[in-house]
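Asker: Curious how this folds, go ahead:
(chains A and B)
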Amino acid sequence: MSKRVKGILLHCVLLLCVLISLFPFYWTVVLATNSTADVYKDPPKLVFGTELLVNIRNMLSNIDFFGSMFNTLIVAVGTTALVLFLDSLAAFTFAKYESPARRRCSDCCCSRSCCRCSSRSSPSSRSW
Amino acid sequence: MGAQLKTWDEYFAAGVELHKAIPKTYLIDNASDIFTAVVGQSGQRFISSGGAFIGDQDHIRAAWETAGKPITLGIDAKINDNSWNGNISNGTVGSVIGAAWHALDIEQAAPNLSGTWRVAPNAGGPSDNGGSFLAISPFYVIFLVFLLIPIVFSLYLAFASWDGLGAIKFVGLEQFRFLVKDPTFWLALRNTLIIWVLSTVPMLFMSLVIASLVNSTKRFTAFYRVAFFIPSATSIVAIALFFSAIFSENYGLVNVVLHAMHLPTVDWLSDSWTIKIVIAVLMTWQWTGYNAIIYLAGMQAIPPELYEAARVDGAGAIRMFFSITIPLLRPIILFTVIISTVTGLQSFTEPQVLFGSAASINPNSGGPVQAGLTLILYFYHQAFDNNDFGYAAAIAWAAFLVILLFTAINWRLVARKEQ
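Answerer: Here you go, the predicted structure:
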C-alpha cells in the first residue's frame, strides 16, 4: 500500500512539472481566444473565451501571415534539404574513402560541429 | 620512368617504350598478374565463395581484355614458373605486379639491384580522391565562407576601427585598452555571470531530480519525455514575450497570484536583481526538460544489477542516487555542464526581446539600469546600434575568452573527480 502511495505521489510531482512546462502553451491559447480587455483584466482569465475567430481575423488583416508562413516554410524546407544532401554526401565520403586528408577533414568537421553546438544560443542558430 | 602512371594503358605504353629501348627487357613476367589485379580493382572476385571459377561476367571480360593487351603488344616475358625474381635480377623483367611482400623477395633475389628499383605509388582503384573531394567540397566551402572567414575577419576587426561602411583603420590594441576601462563591459560581464549561475545551477539540479523521478517509474514515460522536451523546441522569442507578460507589473500573472496570496507584489522588470531572476527563470524553464531528457538517457544505460546489489547491501534510495547514479552519470553531467556554460554565457535573445529592442533611445541596452545587459547583447548593441564594429569584435573575443575560461574550469571540476 505504501508503495502505491509513493507511486501516486511521484506522478503528482511529475504532473506538477508537466503543468509548469506546458502552462505557457495553454495560456497562449487562452489569450488567443479572449479579447484584449479580458487579457488585461484583474484577475486575468484562465479559461477559454469566444474571441478566437475575431482575433484570427484581426491578425490576418494586420500582418501578412501566410506570406511570413511561406517564407518560414521555404527556409525550413531549403535548410533541411541542403543539410540532408550535403552532409550525407560528406558523411558517405568520409565513411567510404580512407586517406590522410580525409582524417584531417573529418577532424575539422567535428570541431565545426562543436562550434555549432556552442553557438546554440546565438541569435542565428537559436532554432537548434 | 619519372612520371606516375595512372592507368593500365599508360603502364603498357611505358612498357612498349622500355622494350623498344632495351629489347631483352619485357614489362612483366606474366600477364595473369594483371588479370588478377584488374579483377581486384573492380572490387569483385573470380573465384566464387563456393570455389568455382566465375566466367561469363563483365568484370571478368574487362580484366581478360586488359590482361591480353601486354601479350598483343609483345611486352610480356611469358614466364610461367617462379623464376621471376631471378629474371628481375638479370634484367629480363622490368616490373612485377604483386603483393607487398614481393618487394622483400626482390630485395633478396636481386641484391645487385638494391636501390635502383622502387615500389610504384598506388594509382588508386576505380575511384580516386578527386571524386571524394568533390563530394565533401560543398560542406567545406560553406564552412569556409560562413565560419572560418568571419572568425578570422572578426579577429582582424578587434584590432581595427570600422563603422561598417568606411575604411577599416588598424588601431592595434586600442580597442582592448578601451575595453578594460569600460565600466559597461564589466557590468555586462557581471550580469552575464550572475544570470548564468542563477539559471544553470537550479536548472541542472532540477533536471537531475526530474530525470531520476521519470526513471523510477515505468508509466507514462513517453508522455513525460515529450512534455518536458517541448519547451526547448519552442521559439525563444515567443517564450520571452510570454515571460514579459506574466511578469509584467500590473497585469502579470505572477503579481496577481502574489496579490491573491496577500503578499507584496514585485516590479519584476524594473529592479536590477529581479530582472536577472526573470531571465534566469526563463532559461531554466526552457532548458530544464532538455537536460532531464539527456540525464534520463544516461540513467537508463546504468545496469540495474548495480542497484539490486546496493539494495541487498541495505542502501536507501538517496544513498543509491549519490553513490551509483551520480558517479556513473558523470560523463553526461560533464556534457550538460559544458553545454550549459557555453550557452548560458551567450544569453542574448532573452534580454533582447524582454527589454525594448525597438526603443528609439538607446535600444538593446538591457532594460532599466542595464540590469539585463549581457556580454553578447552589449556586443550586438555596439555593432548594430553604434556601428562600432571594431569595438564589438573586441567584446566578442573577450566574451570568447571568458567562455573558454569558465568551460575549462568546469571541465577540470567535473572531469577531475572522474579519476
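
Asker: Pass me the low-pLDDT residue ranges in chain A, would you?
Answerer: A:1, A:42, A:98-128 (pLDDT under 70).

Asker: Could you show which parts of the stretch 151-300 of chain B are in contact with chain A?
Answerer: B:210, B:213-214, B:216-217, B:219-220, B:223-224, B:227-228, B:230-231, B:234-236, B:238-239, B:242, B:246, B:250-251, B:253, B:256, B:260, B:285, B:289 (C-beta under 8 Å from any C-beta of the partner chain). Yep, even glycine has a C-beta here, placed from its N, CA and C like the rest.

Asker: Just the buried ones out of those, please.
Answerer: Neighbour counting over those (16 or more other C-beta atoms under 10 Å in any protein chain shown) leaves B:210, B:213-214, B:224, B:227-228, B:230-231, B:236, B:239, B:242, B:246, B:253, B:256, B:285, B:289 as the buried ones.

Asker: just checking, which of those residues belong to helices?
Answerer: Here DSSP state H is the test, and these give B:210, B:213-214, B:224, B:227-228, B:236, B:239, B:242, B:246, B:253, B:256, B:285, B:289 as lying in helices.

Asker: Quick check: the farthest pair among these?
Answerer: Largest separation among these by C-beta to C-beta: B:214 and B:256, giving 31.4 Å.

Asker: wait, isn't residue B:97 in contact with residue B:27?
Answerer: No. In this structure, residue B:97 is not within contact of residue B:27 by C-beta atoms under 8 Å, at 9.7 Å.

Asker: The two: which has the busier surroundings?
Answerer: Set residue B:97 next to residue B:27 and count neighbours by other C-beta atoms under 10 Å in any protein chain shown: residue B:27 wins out with 26 against 19.

Asker: Could you check how far the more buried one is from chain A?
Answerer: Residue B:27 sits 29 Å away from chain A, going by C-beta to the nearest C-beta, to the nearest Å.

Asker: Check residue B:258 too.
Answerer: Distance from residue B:258 to chain A, by C-beta to the nearest C-beta: 12 Å.

Asker: In terms of secondary structure, what does the helix or strand residue B:393 falls within contact?
Answerer: Applying DSSP states H and E as the criterion places residue B:393 in helix B:389-416. Counting contacts by 3 or more C-beta pairs under 8 Å, 6 or more residues apart in numbering or on different chains; DSSP states H and E, helix B:389-416 packs against helix B:149-157, strand B:160-161, helix B:174-181, helix B:183-215, helix B:330-344, helix B:375-380.

Asker: what about the nearest residue to residue A:38 once chain neighbours are set aside, helix or strand, and which?
Answerer: Leaving out its chain neighbours, the residue that sits closest to residue A:38 by C-beta to C-beta, 6 or more residues apart in numbering or on different chains is residue A:45, at 4.9 Å. If you go by DSSP H and E, residue A:45 is not part of any helix or strand.

Asker: Now do the phi/psi pair for residue A:45.
Answerer: phi -70, psi 140 (degrees, to the nearest 10).

Asker: Please report how far it lies from chain B.
Answerer: 11 Å.

Asker: Would you mark the buried spots in stretch B:58-67?
Answerer: B:59, B:60, B:63, B:64, B:66, B:67.

Asker: now, among these, which is nearest to chain A?
Answerer: Among these, residue B:59 lies closest to chain A (C-beta to the nearest C-beta), at 19.4 Å.

Asker: Which helix or strand contains the closest one?
Answerer: helix B:58-73.

Asker: how many neighbours does residue B:294 have?
Answerer: Residue B:294: 18 neighbours (other C-beta under 10 Å).

Asker: Also residue B:134?
Answerer: 11.

Asker: What residues does it make contact with?
Answerer: Not one residue lies near residue B:134 by C-beta atoms under 8 Å, 6 or more residues apart in numbering or on different chains.

Asker: What residues of the host helix or strand of it count as buried?
Answerer: If you go by DSSP H and E, residue B:134 is part of helix B:129-143. If you call a residue buried by 16+ other C-beta under 10 Å, then helix B:129-143 has these buried ones: B:132, B:133, B:135, B:136, B:139, B:140, B:143.

Asker: Could you work out the most separated pair of these?
Answerer: Using C-beta to C-beta, the two most remote members of the buried residues of helix B:129-143 are B:132 and B:143, lying 16.4 Å apart.
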